[in-house]
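1. Here you go, sequence then predicted model.
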Amino acid sequence: MFSQLFRSIRTSKEEELPEPDEKLALGALLVRVAKSDKNYNIHEIQRIDRIFSQRFDLNAVEAAKMRALCEKLEQHAPHLDVFSEMIREGVDFDERLATLEAMWQVALADGHERPEELEVVDRTKHALGLSEADSLQARVQAAQTIGET
């Protein structure tokens, strides 16, 4: 299903990108949140790498490589809802909630709540089939996690 969408995606070197799975879809969503305000900064990059390290048991180099791949996927991806749909169909409720929490961590990473980032998080929340209460819970948890690190 998704392979058709991504077969034509190529980098500037005409290198084929892999077909995204749930992990790469999550990564592309995190990158999209971070880039949505046109200020993709070190705090957001470090947060994405930390999320990859913790969720997927990656070392720092592996997490950075995964983020770089997700950056390419996000840049060439057709629409935010494609990645959200992959996650919604591929994982259970708790994982979808964890995805939303990760997005909140990235949105809050630099200490500024920007409308563009909040819009991406809100649109993804709907696409993931989550409620406002779920989003509030994920946001509170994300703020606590950021405060602990």
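-> Alright, I've got the coordinates. Because the structure is predicted, anything quoted here is derived from the model rather than measured.

2. Helix or strand for the residue nearest the centre of the chain, just tell me which one.
-> Nearest to the geometric centre of the chain sits residue 30, at 2.2 Å (CA atoms, centre = their mean). Following DSSP states H and E, one finds residue 30 within helix 22-35.

3. Quick check: next helix or strand after that helix?
-> helix 42-56.

4. what about that next one, distance to the chain center?
-> In terms of CA atoms, centre = their mean, to the nearest Å, the gap separating the centre of helix 42-56 from the centre of its chain is 10 Å.

5. Give the other helices and strands that the next helix or strand after it contacts.
-> Counting by DSSP H and E, the next helix or strand C-terminal to helix 42-56 is helix 60-76. Helix 60-76 sits against helix 22-35, helix 42-56, with contacts defined as 3 or more CB pairs under 8 Å, 6 or more residues apart in numbering; DSSP states H and E. Every C-beta, even on glycine, is put in place using the N, C-alpha and C of the backbone.

6. Please identify the deepest-packed of those helices.
-> helix 22-35 (a mean of 24; mean count of other CB atoms under 10 Å).

7. still on that earlier bit, including distance to residue 66 and mean pLDDT, could the helices and strands packed on helix 60-76 go into JSON lines?
-> As requested, the helices and strands packed on helix 60-76 are exported to JSON lines (distance: least, CB to CB, whole Å; pLDDT from 0 to 100):
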{"stretch": "helix 22-35", "distance to residue 66": "6", "mean pLDDT": "90"}
{"stretch": "helix 42-56", "distance to residue 66": "5", "mean pLDDT": "97"}
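
8. returning to what we had before: residues making contact with the helix holding residue 30?
-> Under the criterion CB atoms under 8 Å, 6 or more residues apart in numbering, residues 18, 20, 40-41, 44-45, 48, 51-52, 55-56, 66-67, 69-71, 73-74, 77, 80, 82-84, 86-87, 90-91, 95, 99, 102-103, 106-107, 109, 117, 120-121, 124 lie in contact with helix 22-35.

9. how much does it deviate in direction from helix 42-56?
-> 160 degrees (axes from the mean of the first three to the mean of the last three CA atoms, to 10 degrees).

10. pLDDT weak spots in this structure?
-> By pLDDT under 70, the low-scoring segments of the chain are 1-15, 78-83.

11. closest to residue 148 out of the helices and strands packed on helix 60-76?
-> helix 42-56 (11.4 Å; CB to CB).
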